[in-house]
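Undergrad: Sequence and predicted structure are below.
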Amino acid sequence: MAVALSTQRAIWIAAAVCAGSLLLLAQSAPRDLSVSVSAPASGTAGAPLPFTVGIGGAAGASRVTVTAIFQPAVAFGSSIPAGICNANASALEPSTTVICNATGLTEITIQVIPQAPGILTAVVGAVSDDPDPSMRNNSARATVSILAAATPTPSPTLPVPTPTRTATVPAATPTPGRTATLTATASTRTATPTNTSTPSRTSTATFTATKTPTPTSTPTATPLAAGNGAIFVSQSVPSSVSAGAAFSATVTMNNAGTTTWTRSGGYRLGSLTIGDPWGSRIDLDSAASIAPGQQKSFTVSAVAPLAAGSYPFQWQMVQELVEWFGPASPLAQVLVTASPLTAYSVPPCRVVDTRNPAGPYGGPALAAGQTRLFQMRGRCGVPAGAQAVMVNVAALNPTTDGFLVLYPANMPVPGVSTLNYRAGAVRSNNAVLTLDSNGQMAAYAYLGTGTLHFLADVTGYLQ
């Protein structure tokens, strides 16, 4: 997959791919850079999230550049120190690339704002103008779980109980308050009053509070959102390979979404490794159609880096210009053992330019599905014993989106790219290309229709 995690990072890719070879060409002292990155375990969509990058071995370097790639795309917030970082702002990018001038610094903080819930992956790398004897510690990775922003839930309002007043009034029986009985005799008059207490009228009030039941909310199950989904199934990766040798591995993914994966739909397996030592994208076959529930085994065919060291190997599904989705494959390390080859520089020399008149190193432009062979030995100072060449490759105003693959002519066309491009744009990249036993390089253009002009400048060779 030559399309890197973001198409804006050609400069970084070039530096990472060629750092090992340039060690033998540069005159300045070697400098072993190292990088670490830390971030909170979780964050919230729409809220600032800091990533702290530690830089080791940079003291005295004339220039140090830190590149951070965030997947999926985020909004760039700020940096500490302020003003040292810039980010690509294209809404069409599936990821966001932040490039920082870290010269003289041992730590920087990059603050971003996640745009949606899910898994946010940050891959961070550092390079300097000085040669680096080991690239194995020049990149680091952090993964953060992004949660959805909290939605305020209104508190239920309980109705106030309304008391019911019941008045019970017993019937009153009127009784004379005083009864006087008079008894008279001829000689004595006696009056005997008799007082009878009569109950007074009593009013009894009874209050009954009636409580109205509180409504109970019943949670409703949310169906799985339709769209892209993937589940990692398995991978087979060699533990070691010789520098410059052919490399092959497989990664199997299951379509766990509701969309069908097709090449025309932009579905690919994408590399999560800074510098893309094993390629940037693995394409589906043009006739492939991976329906929901089906599995796809992707074959990673590449040429091992020429610099010895341990190289990370990790992949994730991507729909170009839309999103990265599903869990990544487990991070594996591939040990690249030293090669006896030595690097030599040559003055920059244009070996191929398809804009020129038709010929072995000129036109016509590459058409879709066409392979062209170029003899590199004996051209531009490349000797007969050269096993690989160092080149700068550029795509010139292609008619459609696609990618270019340069590879040894005795190999099948690999599913990884040397350079990715978009219609109407000019894109370039550096590469170290292994030649076949006859000294030939093959070029193949992955594009649906139309044509591609490209050029290649030789800057050195290995033998």
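TA: All right, it came through fine. The shown structure was predicted, so the numbers you read here are calculated from the model rather than taken from an experiment.

Undergrad: Grab the most central residue of the protein for me.
TA: Against the mean C-alpha coordinate of the chain, by C-alpha atoms, centre = their mean, the closest residue is Gln71 at 1.8 Å.

Undergrad: quick one: it and Gln316, what's the gap?
TA: Distance of Gln71 to Gln316, computed by C-beta to C-beta, to the nearest Å: 8 Å. All C-beta atoms are positioned from the backbone trio N, CA, C, and that covers glycine.

Undergrad: Tell me, what's the model's pLDDT at the residue nearest to the centre of the chain?
TA: Gln71 carries a pLDDT score of 81 in this model.

Undergrad: I figured it hits Thr121, correct?
TA: Yes. Counting by C-beta atoms under 8 Å, Gln71 touches Thr121, with 4.9 Å between them.

Undergrad: so what sits against both of these two?
TA: Common contacts of Gln71 and Thr121, defined by C-beta atoms under 8 Å, 6 or more residues apart in numbering, comprise Leu272, Gln316, Trp324.

Undergrad: what's the closest of these to Ala431?
TA: Nearest to Ala431 among those is Leu272, at 19.8 Å by C-beta to C-beta.

Undergrad: show me what contacts the closest one?
TA: Leu5, Gln71, Thr121, Val123, Arg141, Gln314, Trp315, Gln316, Ala328.

Undergrad: Could you tell me how many residues sit around Pro40?
TA: 11 (other C-beta atoms under 10 Å).

Undergrad: where's it relative to Thr97, distance?
TA: On the measure of C-beta to C-beta, Pro40 and Thr97 end up 21 Å apart.

Undergrad: Confirm for me that Val382 is in contact with Val458.
TA: Yes. At 6.3 Å, Val382 and Val458 qualify as touching, with contact defined as C-beta under 8 Å.

Undergrad: joint contacts of the two?
TA: In contact with both Val382 and Val458: Val346, Met376, Val389, using C-beta under 8 Å, 6+ apart.

Undergrad: For burial, what's the neighbour tally of Pro357?
TA: 7.

Undergrad: Let me see the contact set for the residue nearest to it when sequence neighbours are not counted.
TA: When the adjacent residues along the chain are set aside, Pro357 lies closest to Gly363, with 5.9 Å between them (C-beta to C-beta, 6 or more residues apart in numbering). By C-beta under 8 Å, 6+ apart, Gly363 lies in contact with Thr354, Arg355, Asn356, Pro357.

Undergrad: who wins for neighbours among those?
TA: In those, the most neighbours by other C-beta under 10 Å go to Thr354, 21 neighbours.

Undergrad: gap between it and Val37?
TA: From Thr354 to Val37 the distance is 41 Å (C-beta to C-beta).

Undergrad: what does Leu272 give?
TA: Distance from Leu272 to Val37, by C-beta to C-beta: 14 Å.

Undergrad: got any residues that touch both of these two?
TA: Arg141.

Undergrad: what's in contact with stretch 296-305?
TA: The contact list for stretch 296-305, computed with C-beta under 8 Å, 6+ apart, reads 17, 20, 241-253, 255, 261, 269, 277-279, 282, 284, 288, 290, 311, 315, 334, 336, 407-408, 411-412, 414-416, 432-434.

Undergrad: So Val303 versus Trp324, what's the distance?
TA: Applying C-beta to C-beta to Val303 and Trp324 gives a distance of 26 Å.

Undergrad: Please apply the same query to Ile274.
TA: 15 Å.

Undergrad: Of those two, give the one with the bigger neighbour count.
TA: Ile274 (28 against 24).

Undergrad: Can you classify that one by secondary structure?
TA: coil (DSSP: H, G, I helix; E, B strand; the rest coil).

Undergrad: pLDDT score for it?
TA: 76.

Undergrad: swap in the one 4 residues further on?
TA: What the model reports for Trp278 is a pLDDT of 86.

Undergrad: How about it: what's its closest non-neighbour residue?
TA: Nearest non-adjacent residue to Trp278, counting by C-beta to C-beta, 6+ apart: Ala302, 4.7 Å away.

Undergrad: ok, now Glu320?
TA: Gly266 (3.8 Å).

Undergrad: what's the spacing between stretch 69-85 and its chain's center?
TA: 14 Å (C-alpha atoms, centre = their mean, to the nearest Å).

Undergrad: got it, and stretch 433-449?
TA: 30 Å.

Undergrad: Stretch 427-447 too?
TA: Worked out by C-alpha atoms, centre = their mean, stretch 427-447 lies 28 Å from the chain centre.

Undergrad: List the buried residues in that stretch.
TA: 427-436, 439, 441-447 (16 or more other C-beta atoms under 10 Å).

Undergrad: Can you flag which of the residues you listed belong to strands?
TA: 427-434, 441-447 (DSSP state E).

Undergrad: Ser128: which of those is nearest?
TA: Asn430 (16.2 Å).

Undergrad: Isn't the closest one up against Met390?
TA: Yes. Contact status for Asn430 versus Met390: in contact at 7.4 Å, counting by C-beta under 8 Å.

Undergrad: Make sure Thr434 is actually in contact with Ala388.
TA: Yes. Assessed by C-beta under 8 Å, Thr434 is found in contact with Ala388 at 4.8 Å.
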